[in-house]
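>>> below are the sequence and a predicted model; questions follow.
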Amino acid sequence: MFAPGTAVRVKDDWPETRGPVHIRTPHYLRGMQGTVVRHLGSFRNPEDLAFARPAPLRALYHVRFDQPSVWHEGRAGDELQVEIYEHWLEPL
Amino acid sequence: MNIVETDGERLLLALRGVLAAKGIASAAEIAERIAITDSASPGQGARMVAKAWTDPAYRTRLLEDGSKAAEELGIPMRGMPPLGVLENTAELHNLVVCTLCSCYPRAVLGYPPFWYKSAAYRARAVRDPRGLLAEEWGTVLPEGVRLRVVDSTADYRWMVLPQRPAGTEGWDEARLASIVREGDMIGVTIPKAG
C-alpha cells in the first residue's frame, strides 16, 4: 500500500503492443512521476473483468501529476489528478 | 425493410430473455434501471450543490462521500460507481474529463453532453485545459487560481462543487439550485447569480 504523499512512477509499460488488452492507465502518463493523493478503495481489476477472467481486488489510488511537466507546456502549478491501479505504480 | 423489427431489437429481446431465464435480471429490474437512468438529470447534482452552499454539515458529508450525500437527497445510487466530489475554492478550480472513454457521474448529472465524449474535449482537457476553457466556454480563471484536471479513468465518478457566486446572499436552496448548470459541475463554466 502507498501512503498519501508517496512519490511514485507510472510504469513505462505498453501491454497493448503484446496483444489484446483493456487498460485504464492513459498513454500520456506512462513513465511519468507523480504523488499519491489517497487510496480510493479496492476494485476488481478491470483488465481481467473486460475479458471475463477471474479479477482480483486491486488498490486504486488518486495520483497527482504536475501538468506542465507531463506536456512541456502549460501554467506552472496546474495539476492532473488521475485514478491509477497499484500494479501500474512503482515507488521512486 | 421493417424498421420496427430490426436486428438490434431482436437481439435485445433475446438478451433480455436469457437474462431473465438465467435469473440475472428480471424484466422489472431492467425497467427500474431504465427509469432511474432516464430520471437522472443535472437538476439532481444542482440540488446537492445548493444544499452544500447553505448547509456546512452537508458540504462536509458531500466532500467525504458523494454517494451517501446523494442518497441523502433521495437520488438512487445503488449499483452505481462511487461518486467523489471536487471542491472549487478561491485558490483551486477543478475540471473533469475522461480521456479513455466517457466516464461521467450519470447518477447525479444524467447523460453526458455530446462534447464530453468528443476526442477534441478529451485530448485538450489534459494538454491545454486553460486554452480549452477560454476558447470554448469563455471561462478565464482569476489570476492566482490553480487548475486541477481530474481524468476519470477507472472506478470512480467525479463531480465539481462550484463556488457559490456573489450576489446570492439570502437565496433559498431552490433558487440557488436553479442557477447551477451541468457545465458548472464538470468545471467548464462557473455559476453566476443571474
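The structure has been received and is ready for your questions. Numbering: from 1, shown residues only, chains lettered A, B, ... in the order given.
>>> distance of the closest residue to chain B within chain A from B:Ala70?
Nearest residue of chain A to chain B: A:Glu83, at 3.9 Å (C-beta to the nearest C-beta). Any C-beta I mention is one placed from the backbone N, CA and C, and that applies to glycine too. According to C-beta to C-beta, to the nearest Å, A:Glu83 stands 19 Å off from B:Ala70.
>>> over to A:Arg18?
Going from A:Arg18 to B:Ala70 by C-beta to C-beta gives 40 Å.
>>> which stretches of chain B have low pLDDT?
Across chain B, the stretches falling below the confidence threshold (pLDDT under 70) are B:1-4.
>>> ranges for the strands of it?
B:83-87, B:92-97, B:146-151, B:157-161 (DSSP state E).
>>> would CSV of those strands with mean neighbour count and distance to chain A be doable?
Formatted as CSV, those follow (neighbours: other C-beta atoms under 10 Å in any protein chain shown; distance: least, C-beta to the nearest C-beta, whole Å):
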stretch, mean neighbour count, distance to chain A
strand B:83-87, 21, 8
strand B:92-97, 24, 8
strand B:146-151, 22, 4
strand B:157-161, 25, 9
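>>> got JSON lines for the ones you listed, with distance to B:Asp172 too?
Shown next, in JSON lines, are these (distance: least, C-beta to C-beta, whole Å):
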{"stretch": "strand B:83-87", "distance to B:Asp172": "22"}
{"stretch": "strand B:92-97", "distance to B:Asp172": "26"}
{"stretch": "strand B:146-151", "distance to B:Asp172": "30"}
{"stretch": "strand B:157-161", "distance to B:Asp172": "18"}
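>>> and A:Val63, which of those is closest to it?
Nearest to A:Val63, of all the strands of chain B, is strand B:146-151, at 10.2 Å by C-beta to C-beta.
>>> what sits closest to the residue of chain B found nearest chain A if chain neighbours are left out?
Residue of chain B nearest chain A, by C-beta to the nearest C-beta: B:Ala154 (3.9 Å). Spatial nearest neighbour of B:Ala154, chain neighbours left out: A:Glu83 (3.9 Å); criterion: C-beta to C-beta, 6 or more residues apart in numbering or on different chains.
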